[in-house]
Structures are given as C-alpha cells and as structure tokens.
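# for reference, the sequence and a predicted model appear below.
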Amino acid sequence: MVIIELSQKEIVESLVLLEKDWEIDPLLHDFMLGKCADVSDYPVKVKNVIFHIPYLAKEKKFILWKCYWPDCHNCCNRQGRLPLTSDDIITIGKGLKYQKASDFLKNETIIATWQEHGPSGQVTMTSINLKRKDDETTVDDGTHISCRFLDDKGFCSLHPTRPGVCYLYPFSTWLVNENGTARVHATFQFTGDCPGFYLAETIDPMKEVLKEYSGLVYDYNMKSNRTARENFGHVTFG
C-alpha cells in the first residue's frame, strides 16, 4: 500500500517552489489546495487496476498527467521516504555490491513508522526505507530530501533497480478486498511538486500511460503484500 497524505501547508510550500520554474494552471493550483468543490471521481479499469481520475464537472475537464523527465526530476529532489519491498532489498543490495542482505539493511536502510488516513480508515505504516542521505535518521522521515542517488543531470544511479515505489510516481495505490478477490486501486498524488498535471476533455491522451502503469502498480502491490507476509513491514488499520 502506498498512500501519500500531506498537510495544506506542505502543499503550499511545494507549489511556491514549483512555480518558480514552471507555469501551473490556476485551476490546478486551486484544486491541489482543495479549493474546487465540483470534483468527482472517474474510475477507469485498466487490466487489473482501477484508476481513480479526478473530474471537474463545472469545467467538464479531467485532470491527467505526463512526465517531463529529464527536464524535471522533482520527485527525486523532494523525496519523502523510500519504502522497500523484499525484492528491492535483494536487487538494490546486489547493485550496491553487498554480499549479505543483513549488511545492506544495516548500512543503507532505516525503519520508519507513520500514520496515514487510507480508504479503510486510520492506517499505521511500518516499513524498511532506503536512506535518502547517508546520515538519515528517523527524525528526517517524511521530510523533503533530495535523494543521494540522483545526479546533477536528473539520472538515478540505481536505475533500473531503483525502489519499486519510484516507478509508481505520481500514483498512490491500495488494495481492496472485493468478495475475496484483491482489487488494486490507484489515484494521483497531488503533493504540489510535479508540473506534469494538465486538463483535458477526455482521458484519451493518457490511455497509453495508464496501460503502462497498470502493470507497474499491480506488480508493486503484489510485491508489497508479499513483503508484509515476510515480516519486512506491516500495515495496521485503526
């Protein structure tokens, strides 16, 4: 499960920084600050994932997204945390030349616990996180930090074995039990950091992106579910 929830103050601060370099549609600016009252949820099922796309009824517009990399790498420059799946621990550890997973966990990761409000109520998340800076502590958890694996040209030195959560951006995801079947859901993270959101009259411009992300989102949720069963992290619903 990956759900991002920020305070309005944090979003305002992010938007102020974002608008120094990017022109943001005033309507999208207001939407991210919760100032639009005509927003509805438009679910779109793509393969095994249901995407929830915001629809502005008054303007008759959908909020869609595209990535501006390498011109933008804000998602790596202002990273909140990097939870790892058990697969991440193996692949990233090998990529960093660790012979033992225990040494990788000791030197390169940190255990984090935080509260979020999810679709099923209050959620306590505990996970093993990749350190975004060499001297990261629990005090830094959830704060914006530029990832240490990002170079000055916007490239990730871990790629393609970077954490699975990095591939999900800008989506948040969760699982819902539907008559005994696990259904994966996803929606956008509106953190105020990404310039890639735009308005469109149909979802057609984003169909190929949704197809690509349906596989990424589904696979990540299955890996996260297995990670919890393997005691590398857990989710508690309060």
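Looks like it arrived, so ask away.

# for the one helix or strand residue 50 maps to, the distance to its chain's centre please.
Using DSSP states H and E, residue 50 sits in strand 49-56. Put simply, strand 49-56 sits 16 Å off its chain's centre (C-alpha atoms, centre = their mean, to the nearest Å).

# try stretch 81-92
On C-alpha atoms, centre = their mean, the centre of stretch 81-92 falls 14 Å from that of its chain.

# if you average pLDDT per helix and strand, which one of this protein comes out bottom?
strand 233-237 (a mean of 53; mean pLDDT, DSSP states H and E).

# can you give me the pLDDT of residue 238?
Per-residue confidence (pLDDT) for residue 238: 49.

# now residue 183: closest residue in space, sequence neighbours ignored.
Among residues not flanking residue 183 along the chain, residue 176 sits closest, at 4.9 Å (C-beta to C-beta, 6 or more residues apart in numbering). Every residue, glycine included, has its C-beta placed from N, CA and C.

# relative to residue 127, how far out is that neighbour?
Distance of residue 176 to residue 127, computed by C-beta to C-beta, to the nearest Å: 20 Å.

# which one of the two has more residues nearby?
With neighbours defined as other C-beta atoms under 10 Å, residue 176 and residue 127 compare such that residue 127 has more, 25 against 12.

# what bridges to that one?
Beta-bridge pairing for residue 127 (DSSP bridges): residue 112, residue 233.

# helices or strands next to the helix or strand harbouring residue 110 in the packing?
Element membership for residue 110, per DSSP H and E: strand 109-118. In terms of contacts (3 or more C-beta pairs under 8 Å, 6 or more residues apart in numbering; DSSP states H and E), strand 109-118 is packed against strand 121-130.

# send me the strand it packs on as CSV with only the CA atoms.
The C-alpha coordinates for strand 121-130 follow below in CSV (Å, rounded to 0.1, in the frame of the first residue of the first chain):
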residue,chain,number,x,y,z
GLY,A,121,-9.7,4.5,7.9
GLN,A,122,-6.6,5.3,10.0
VAL,A,123,-3.5,3.4,8.9
THR,A,124,-0.2,2.8,10.7
MET,A,125,2.5,2.1,8.2
THR,A,126,5.8,0.5,9.2
SER,A,127,8.4,-0.2,6.5
ILE,A,128,12.1,-0.6,5.8
ASN,A,129,13.2,2.5,3.9
LEU,A,130,16.2,3.2,1.7
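
# identify each buried residue in that strand, please.
123, 125, 127-130 (16 or more other C-beta atoms under 10 Å).

# check stretch 196-209 too.
196-198, 203, 206, 209.

# those in strands, which ones?
197-198 (DSSP state E).

# please produce CSV containing the buried residues of stretch 196-209, extended by pLDDT and distance to residue 46.
What follows is those, written out as CSV (pLDDT from 0 to 100; distance: C-beta to C-beta, whole Å):
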residue, pLDDT, distance to residue 46
196, 97, 19
197, 98, 19
198, 98, 19
203, 97, 10
206, 97, 10
209, 96, 10
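
# show me where pLDDT drops low in the protein?
Applying pLDDT under 70 to the chain flags residues 1-6, 116-122, 228-238.
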